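Asks: Give the three-dimensional model of this entry:
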Amino acid sequence: MPAEPAQPALPANGADPGQPAWGPDDAAAWAFQVLGQTVRIACDDAAPARVLRANFAALPAADAQAEADLDYRACRHPQGDGWMLLRRGHPAVTAPDLCDLLYHLEKDLIIALQLRRPTLLHLHAAALEFQGRAWLLAGDSGAGKSTTAWGLLHHGFNYLSDELSPVDLEALAVHAYPHALCLKRRPPNAPAWPEGQVLELGRTMHIPVAALPAAVVPSPCPLGGMLFIRHDPLLREPELRPLHAAEAGAHLYVTTLNALAHARHGMDAVVGLAKSVPAWSLTTADLDGTCRLVRKLALQQSRQAGD
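Replies: Next comes the predicted model:
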């Protein structure tokens with residue numbers, strides 16, 4: 001993403017001339033719950049309303065008239081093309097298109113949730129459920145974690161999250177954050193692509209949860225395994241390699257978003273999680289073969305857990 005320009009701060013009451021007024025009775029506003037927080041979003045235009053509603057539609061609805069913990073407004077920029085995102089009491093952010101608008105909202109929301117729920121270990125990872133256990137999929141940008149998640153949803157896995165996986169370290173369980181699944185491109189030979197339902201925003205495409213081929217798991221789910229993904233375009237067959245706790249911890253620390261909120265810069269939290277949950281390195285090849293291999297692993301782990 002391009003670097004963000006500095007933005008002027010707006011008064012907490014949104015009363016700056018030329019800016020939309022805040023109002024709890026705004027008919028264009030809706031609200032949802034995530035990690036115990038009430039998030040309210042108001043839109044002054046149908047275009048962002050369609051995109052943002054579709055992105056967050058699977059999160060539990062909240063009363064739009066109630067006091068919000070996080071209060072947002074999306075509107076057209078009053079001085080030119082593009083859009084403006086406001087959070088009450090925070091600087092305004094401009095976005096040239098709807099792709100950037102959604103990006104800035106997601107980023108701000110994820111950071112705000114980390115600050116409001118600091119005892120959770122927030123990971124940049126997808127989370128899927130299989131036979132009562134959650135599986136985390138982590139990797140560098142472009143490694144294919146979202147594509148792999150999309151494929152696994154056609155192989156018996158259910159959906160918790162695509163980007164943010166908040167882990168309860170005491171319960172060793174991951175909370176759901178079921179926003180629309182985000183892909184940078186349509187996967188080759190993608191199974192059962194939901195034609196006409198995907199939000200095409202230029203640089204990214206978003207599959208609303210209602211269009212996913214699997215159920216949403218709304219409650220915290222105990223962790224069953226962690227997969228650290230990379231893609232090798234020359235590989236003919238996918239490969240799985242079990243990781244020792246030390247290697248898994250090193251991979252896990254890189255994907256931790258709020259390490260500094262935990263003791264010893266998060267080292268104890270990450271090491272404890274790596275020692276408690278088995279982990280593998282997954283080098284992906286073709287999507288179907290990769291998903292079959294992961295499903296086989298998940299079945300083996302499920303049988304062992306039942307012994």
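
Asks: Relative to residue 214, how far out is residue 65?
Replies: 33 Å (Cβ to Cβ, to the nearest Å). Quick note: C-beta positions are derived from backbone N, CA and C, even for glycine.

Asks: Looking at these two, which is more packed in?
Replies: Taking neighbours as other Cβ atoms under 10 Å, residue 65 and residue 214 compare with residue 214 leading, 18 against 12.

Asks: Quick check, the more buried one in contact with residue 151.
Replies: No. Under the criterion of Cβ atoms under 8 Å, residue 214 makes no contact with residue 151, lying 11.1 Å away.

Asks: what mean pLDDT does the helix or strand containing residue 250 have?
Replies: Element membership for residue 250 (DSSP states H and E) is helix 245-255. Averaging pLDDT along helix 245-255 yields 96.

Asks: repeat for stretch 98-114
Replies: Stretch 98-114 carries an average pLDDT of 97.

Asks: May I see the buried residues of it?
Replies: Buried residues in stretch 98-114, counted by 16 or more other Cβ atoms under 10 Å: 98-106, 108-110, 112-114.

Asks: what do you get for stretch 169-179?
Replies: 169, 172-179.

Asks: now stretch 124-144
Replies: In stretch 124-144, counting by 16+ other Cβ under 10 Å, buried: 124-130, 133-139, 143-144.

Asks: which ones are touching residue 166?
Replies: 35, 113, 117, 120-123, 174-175, 177 (Cβ atoms under 8 Å, 6 or more residues apart in numbering).

Asks: and it, that's in a strand?
Replies: Yes. The assignment for residue 166 by DSSP: H, G, I helix; E, B strand; the rest coil puts it in a strand.

Asks: Kindly state the pLDDT recorded for it?
Replies: Residue 166 is given a pLDDT of 98.

Asks: Residue 186 too?
Replies: Reported pLDDT for residue 186: 88.

Asks: Could you say which helix or strand holds it?
Replies: Secondary structure from DSSP H and E places residue 186 outside every helix and strand.

Asks: State the number of residues packed around it.
Replies: Neighbours of residue 186 (other Cβ under 10 Å): 13.

Asks: got the contact list for it?
Replies: Contacts of residue 186 by Cβ under 8 Å, 6+ apart are 193, 205.

Asks: now the one 4 residues further on
Replies: Applying Cβ under 8 Å, 6+ apart, one finds that residue 190 lies in contact with 150, 287.

Asks: distance of it from residue 31?
Replies: Following Cβ to Cβ, the distance that separates residue 190 from residue 31 is 33 Å.

Asks: Spell out which residues make up each domain of this structure.
Replies: 29-116, 121-306 (automatic domain parsing).

Asks: ok, back up a step: tabulate the buried residues of stretch 169-179 in a markdown table, adding columns for pLDDT and secondary structure.
Replies: Putting the buried residues of stretch 169-179 into a markdown table (pLDDT from 0 to 100; DSSP: H, G, I helix; E, B strand; the rest coil) gives the following:
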| residue | pLDDT | secondary structure |
| --- | --- | --- |
| 169 | 97 | coil |
| 172 | 97 | coil |
| 173 | 98 | strand |
| 174 | 98 | strand |
| 175 | 98 | coil |
| 176 | 97 | coil |
| 177 | 97 | strand |
| 178 | 96 | coil |
| 179 | 96 | coil |
